[in-house]
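S.K.: Fold the following.
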Amino acid sequence: MEETEVYKAYSRSPFLSMKHTTYFEPYEQLFSQYRGQNITFVEIGILNGGSLFMWRDFFGPEARIIGIDLNPAAQKWEEHGFEIFIGSQSDENFWRETLAAIGPIDVLLDDGGHTYEQQIITTECALDHIKDGGMLVVEDTHTSYMRGFGPKRYSFVNYVKSHIDRINRRFKKFHTPEADTRVWSVQVFESIVVFHVNRAASQRLSHHTKNGGKGESAKDFRYFDNPVYEKHKDLGKHLRFIDSIPGSKDLKKSFWKTVIKIQGAKNIRKYFR
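M.R.: Now for the predicted structure:
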């Protein structure tokens, strides 16, 4: 932690900032690519102002550093060259006006109030304003496992899980209206969730490809490691007459999928806790 450049910038800040020790290495990994660049960096929740100076130190003088807070007193940091917007991150109208004023964003870091409502509305409103190749980073996601931040059914982590479903629904075989092309990928650290934006990649349809190499007509063994298959693998020899029935191939496949589902549940349920 102490060896990261972002921690050094944090230590040099002349005003108070509070960060968890596990955050600095993810910061370093995520944000180092932007150092010395002309970027727009937005942080929600600036409290005593220390993180504003930390980010300006880390990114360099070319970066546009913007702070958002509900406390009107935070406007005093404008005297130090920062742009400050005052308003509620739970207010969609505030976001509509503020994001229009800010313009495209390279990185948005949500270190605000950490309620599920605040985190989710911020994400939903801001995603379309993140530049291609940019990211939206939400901190302190451990509040999803704590009381006092909203109904657990609608926790931020549950919302993130729904994004994973939406991303995978882009697969062409079951592409549905629920598929989401705003987010290319989701990355998770301890107490941090990152939404990566790459619009071209997230809108690309999945197609099966072959590289043109020589094939060996290898047999599909995916079901052969199942103990039920091993026990009944000779059953097919006695039921070869089924092969003459239309749709028998699909019937066999359906049978083994059912076997995998039943036997697999017994073997893996211990990993779901």
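S.K.: neighbours around the closest residue to residue 48 other than its chain neighbours, how many?
M.R.: Once flanking residues are discounted, residue 48 sits nearest to residue 16: 3.9 Å by Cβ to Cβ, 6 or more residues apart in numbering. Backbone N, C-alpha and C define where each C-beta goes, glycine included. Residues lying near residue 16 (other Cβ atoms under 10 Å) number 10.
S.K.: Sticking with residue 16, tell me its helix or strand.
M.R.: Using DSSP states H and E, residue 16 sits within no helix or strand.
S.K.: those helices in the stretch 51-200 of the chain, which residues are they?
M.R.: Ranges of helices in the stretch 51-200 of the chain, per DSSP state H, counting those that start in this stretch, are 92-102, 116-126, 156-168, 199-202.
S.K.: can you tell which of those helices is closest to residue 31?
M.R.: Of all those, it is helix 116-126 that lies closest to residue 31, at 17.1 Å by Cβ to Cβ.
S.K.: pLDDT value on the residue nearest the centre of the chain, please?
M.R.: Nearest to the mean C-alpha position of the chain, counting by Cα atoms, centre = their mean, stands residue 186 at 2.3 Å. Residue 186 carries a pLDDT score of 97 in this model.
S.K.: I'd like the distance between it and residue 102.
M.R.: Computed as Cβ to Cβ, to the nearest Å, the residue 186 to residue 102 distance reads 23 Å.
S.K.: hmm, which helix or strand of this protein has the shakiest average pLDDT?
M.R.: Least confident helix or strand of the chain, by mean pLDDT, DSSP states H and E, is helix 235-238 with a mean of 53.
S.K.: Where does pLDDT dip in the stretch 151-273 of the chain?
M.R.: 175-178, 222-264 (pLDDT under 70).
S.K.: Grab the nearest non-local neighbour of residue 172.
M.R.: residue 206 (4.8 Å).
S.K.: do the same with residue 186
M.R.: Per Cβ to Cβ, 6+ apart, closest to residue 186 is residue 163, 5.6 Å.
S.K.: That neighbour touches residue 183, doesn't it?
M.R.: Yes. Taking Cβ atoms under 8 Å as the definition, residue 163 is a contact partner of residue 183 at 5.9 Å.
S.K.: if we can go back for a sec, quick one, which of the helices of the stretch 51-200 of the chain is packed in tightest?
M.R.: helix 116-126 (a mean of 20; mean count of other Cβ atoms under 10 Å).
S.K.: In JSON lines, list the helices of the stretch 51-200 of the chain along with distance to residue 52.
M.R.: Supplementary listing: the helices of the stretch 51-200 of the chain in JSON lines, determined by distance: least, Cβ to Cβ, whole Å:
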{"stretch": "helix 92-102", "distance to residue 52": "15"}
{"stretch": "helix 116-126", "distance to residue 52": "18"}
{"stretch": "helix 156-168", "distance to residue 52": "24"}
{"stretch": "helix 199-202", "distance to residue 52": "29"}
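S.K.: Identify the residues contacting residue 71.
M.R.: residue 86 (Cβ atoms under 8 Å, 6 or more residues apart in numbering).
S.K.: Distance check, it against residue 98.
M.R.: According to Cβ to Cβ, residue 71 stands 15 Å off from residue 98.
S.K.: in the protein, which spans are strands?
M.R.: Assigned by DSSP state E, the chain shows strands spanning 40-44, 64-69, 83-86, 105-110, 130-139, 185-189, 192-196.
S.K.: With distance to residue 32 as extra columns, can I get these in a markdown table?
M.R.: Shown next, in a markdown table, are the strands of the chain (distance: least, Cβ to Cβ, whole Å):
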| stretch | distance to residue 32 |
| --- | --- |
| strand 40-44 | 13 |
| strand 64-69 | 17 |
| strand 83-86 | 23 |
| strand 105-110 | 12 |
| strand 130-139 | 13 |
| strand 185-189 | 15 |
| strand 192-196 | 14 |
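S.K.: quick one: which of those strands is nearest residue 52?
M.R.: Nearest of the strands of the chain (Cβ to Cβ): strand 64-69, 5.4 Å.
S.K.: relative to strand 40-44, how tilted is the closest one?
M.R.: If you take axes from the mean of the first three to the mean of the last three Cα atoms, to 10 degrees, strand 64-69 sits at 20 degrees to strand 40-44.
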